[in-house]
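A.B. asks: structural data only, the sequence is not supplied:
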């Protein structure tokens, strides 16, 4: 497939610093520090059956990330939510993956001072993105513990969503080399953090645990913690050592790109006879049921 064919296959709609365009025609200026320096933050929400899930939570987190990077935009939370909704409406997508990003912008001529840049807003909607294919969502994925360490929070606050993905990407190549599908990265003390685009939960003796540092605090992760509370399941947010994940009864990933995905093999060891566990399955089902909750979802008026 050549470049023109690749672009022709792109479906969706975009907002590019004040301009609307089909996603295939959208672009970022090559001199934008978001491209040249990864000087950007972003957030990702999804639409399922014509309804945004936890849209306001995503926008609030996006604004917190901008504040953490000393970025500002002339848009309110309502404006940003409206732009994200409009991307979906113009693309007429019932199930969508929606990204909103703020970049530092273009440097002023003759200076590299980031304070002098005008920050830019970008957003786009495309068809729903799954982190795992249909068979993997049904039967589970093979996860490997990477040797690559996650960039420490002392260097970059991982609660700020960012495009610094090289450690995550290289950990994926480690997983592929070992016959696995996905990776999870440790910190310097041997605790697990997160994987490329997802948080991790381990289940042991009916109790859940998920890391409390060195990772992005996902909205899906937040939803799982709430579901566990409703089910009266113990869910600890704490340091989780790699030894615990090796000994887990169940492991699952949480992500906007597909919700709850079971892990049925870890570093070659089968979990639960190679099938998704009962707690993982229960949380998966309730997670998707919550998409119909009016308090958590925002319907899109496609005729508006």
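C.D. replies: Right, received. Where do you want to start? Because the structure is a prediction, the values reported are computed rather than measured. Residues are numbered from 1 along each chain as shown.

A.B. asks: excluding sequence neighbours, find me the nearest residue to residue 231.
C.D. replies: Nearest residue to residue 231 in three dimensions, chain neighbours excluded: residue 282, at 7.1 Å (C-beta to C-beta, 6 or more residues apart in numbering). The way it works is simple: take the backbone N, C-alpha and C, and place the C-beta from them, glycine included.

A.B. asks: what does the domain assignment say about the chain?
C.D. replies: 3-127, 134-291 (the TED database).

A.B. asks: any idea of the mean pLDDT in the shortest one?
C.D. replies: For domain 3-127, mean pLDDT is 94.

A.B. asks: so what's the residue positioned nearest the centre of the chain up against?
C.D. replies: Centroid-nearest residue in the chain, with C-alpha atoms, centre = their mean: residue 197, separated by 4.7 Å. Residue 197 is in contact with 131, 168, 255, 257, counting by C-beta atoms under 8 Å, 6 or more residues apart in numbering.

A.B. asks: at 6 Å what do you get?
C.D. replies: Applying C-beta atoms under 6 Å, 6 or more residues apart in numbering to residue 197 gives the contacts residue 255.

A.B. asks: do the same with the one 10 residues further on
C.D. replies: Under the criterion of C-beta under 6 Å, 6+ apart, the contact partners of residue 207 comprise residue 234.

A.B. asks: just the pLDDT for it.
C.D. replies: 97.

A.B. asks: relative to residue 232, how far out is it?
C.D. replies: Residue 207 is 11 Å from residue 232, where distance means C-beta to C-beta, to the nearest Å.

A.B. asks: all helices of the stretch 101-250 of the chain, in order?
C.D. replies: Under the criterion DSSP state H, counting those that start in this stretch, the stretch 101-250 of the chain contains helices at 134-139, 166-177, 219-230, 242-246.

A.B. asks: is it true that residue 277 touches residue 248?
C.D. replies: No: between residue 277 and residue 248 there is no contact under C-beta atoms under 6 Å: 9.3 Å.

A.B. asks: beta partners of residue 253?
C.D. replies: Counting by DSSP bridges, residue 253 forms beta bridges with residue 200, residue 261.

A.B. asks: per-residue pLDDT, it?
C.D. replies: Value for residue 253, per-residue pLDDT: 97.

A.B. asks: which SSE is the residue nearest to residue 231 in?
C.D. replies: helix 278-289 (DSSP states H and E).

A.B. asks: what element comes up after that helix heading to the C-terminus?
C.D. replies: Following helix 278-289 in sequence, per DSSP H and E, is strand 297-299.

A.B. asks: enumerate the positions of that following strand that are buried.
C.D. replies: Along strand 297-299, these residues count as buried under the neighbour rule (16 or more other C-beta atoms under 10 Å): 297, 298.

A.B. asks: can you list contacts of that strand?
C.D. replies: Contacts for strand 297-299 (C-beta under 6 Å, 6+ apart): 51, 52, 53, 55, 291.

A.B. asks: change it to 8 Å
C.D. replies: Strand 297-299 is contacted by residues 50, 51, 52, 53, 54, 55, 56, 81, 85, 291 when judged by C-beta under 8 Å, 6+ apart.

A.B. asks: ok, that strand: who's next to it in the sheet?
C.D. replies: strand 51-53 (antiparallel).
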